[in-house]
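K.L.:
okay, sequence plus prediction incoming.
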Amino acid sequence: MRFSCCAVFLAALTPACSLANVLLADSVAEFSNVQGQDSWLYGYYSGPFTPDNFQQMPEYDAARERWQVDGTHPFPFFWTMLDRQGGHPNGLTTSGEIQPAEHWAVRRYVSEAAGPVTIAGVVGDIDPRIGGQGLIARIFVDGLEVYTRNLANAESQVPYQVEAAVAVGSFIDFVVDPKNSNDWADRFQFTAVVTTVPEPASAALLAAVLAPVASRRRRSYASGS
Ligand SMILES: [Ca+2]
Ligand SMILES: [Ca+2]
């Protein structure tokens with residue numbers, strides 16, 4: 001989370017913003033080479049494919065700017081990786097030099113706030129090569145699947161938005177399943193922005209606190225000072 005309650009204050013004073021759009025997390029802007037930075041973790045599920053089985057990716061490849069399970073050169077053991085915009089899962093059906101193993105790539109956000117949130121972004125299969133079978137994108141909140149999108153090969157730039165309730169420490173997992181355990185041409189995009197939705201009572205209280213400030217600002221503009 002990059003903004004504190006100061007952001008709430010400023011958003012309330014800016015007509016273009018609203019109290020419903022306070023940024024809590026941004027997968028692209030906050031991507032880093034440190035596990036846990038800005039409350040993001042980079043990992044994967046191996047079977048059984050549930051949030052209880054999340055494991056962190058052990059390697060960061062600085063040259064390629066991505067997390068991976070094993071990037072041994074010249075060929076990695078697994079395709080499983082995550083970069084700023086998306087990543088790649090691994091399947092039992094895979095390229096010749098790769099180990100056949102099913103890994104679902106998982107970007108995990110550990111919530112820094114409690115209450116209702118909006119989760120939005122873009123998903124897609126961005127490797128259009130013929131023969132790919134596509135992907136399945138999923139979002140789990142504390143183990144509950146709140147979003148599923150079965151993507152055809154080359155189906156990209158698909159926007160999504162879901163609402164959820166979180167506690168501090170809740171896990172929001174952005175998961176990509178290779179589909180049919182086949183990872184051919186499975187490069188994907190999966191971005192996420194999480195915004196808090198203030199409770200009506202707290203929004204009303206904040207508006208009451210800010211109203212005199214806005215009034216003084218209007219007076220000050222009117223007097224030309
Ligand atoms: Ca594809
Ligand atoms: Ca696939």
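P.N.:
Thanks, I have the structure now. Numbering: from 1, shown residues only. Ligands and ions are numbered 1, 2, ... in the order given.

K.L.:
I'd say Pro58 and Val69 touch.
P.N.:
Yes. Pro58 lies in contact with Val69 (C-beta atoms under 8 Å); the separation is 6.9 Å. Glycine gets a C-beta too; all of them are placed from N, C-alpha and C.

K.L.:
of the two, who's got more company?
P.N.:
Neighbours per residue (other C-beta atoms under 10 Å) separate Pro58 from Val69, with Val69 holding more: 24 against 12.

K.L.:
hmm, that one is touching Leu82, no?
P.N.:
No. Using C-beta under 8 Å, Val69 is not in contact with Leu82; the gap is 9.9 Å.

K.L.:
same question for stretch 161-176, mean pLDDT?
P.N.:
For stretch 161-176, mean pLDDT is 98.

K.L.:
and it, which residues are buried?
P.N.:
Across stretch 161-176, burial judged by 16 or more other C-beta atoms under 10 Å covers 164, 166, 170-176.

K.L.:
could you dump the residues you listed to a markdown table with secondary structure and distance to Ser95?
P.N.:
Below are these laid out as a markdown table (DSSP: H, G, I helix; E, B strand; the rest coil; distance: C-beta to C-beta, whole Å):
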| residue | secondary structure | distance to Ser95 |
| --- | --- | --- |
| Ala164 | strand | 36 |
| Val166 | strand | 38 |
| Ser170 | coil | 36 |
| Phe171 | strand | 31 |
| Ile172 | strand | 31 |
| Asp173 | strand | 26 |
| Phe174 | strand | 24 |
| Val175 | strand | 22 |
| Val176 | strand | 17 |
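
K.L.:
now flag whichever of those residues is closest to Asp38.
P.N.:
Ile172 (13.1 Å; C-beta to C-beta).

K.L.:
all helices of the protein, in order?
P.N.:
For the chain, the helices defined by DSSP state H occupy 5-13, 200-222.

K.L.:
quick one: residues contacting Val129.
P.N.:
Small correction: residue 129 is Arg, not Val. 153, 184-185 (C-beta atoms under 8 Å, 6 or more residues apart in numbering).

K.L.:
ok, so of those residues, who is nearest ligand 2?
P.N.:
The nearest member of those to ligand 2, counting by C-beta to the ion, is Trp184 at 6.2 Å.

K.L.:
that closest one: neighbour count?
P.N.:
19.

K.L.:
before we move on, the earlier item: find the residues that touch each one of Val69 and Leu82.
P.N.:
Met57.

K.L.:
ok, so of the buried residues of stretch 161-176, who is nearest Gly134?
P.N.:
Val176 (10.7 Å).

K.L.:
so the closest one bridges to which residues?
P.N.:
Ala105, Ala137 (DSSP bridges).

K.L.:
now do the contacts for Ala164.
P.N.:
Contacts of Ala164 (C-beta under 8 Å, 6+ apart): 116-117, 119, 141, 146, 172.

K.L.:
which residue, neighbours along the chain excluded, lies closest to it?
P.N.:
Distances taken as C-beta to C-beta, 6 or more residues apart in numbering put Val141 closest to Ala164, at 4.6 Å, once the chain neighbours are dropped.

K.L.:
ok, the one you found touching Ile172?
P.N.:
Yes. Counting by C-beta under 8 Å, Ile172 is a contact partner of Val141 at 5.4 Å.
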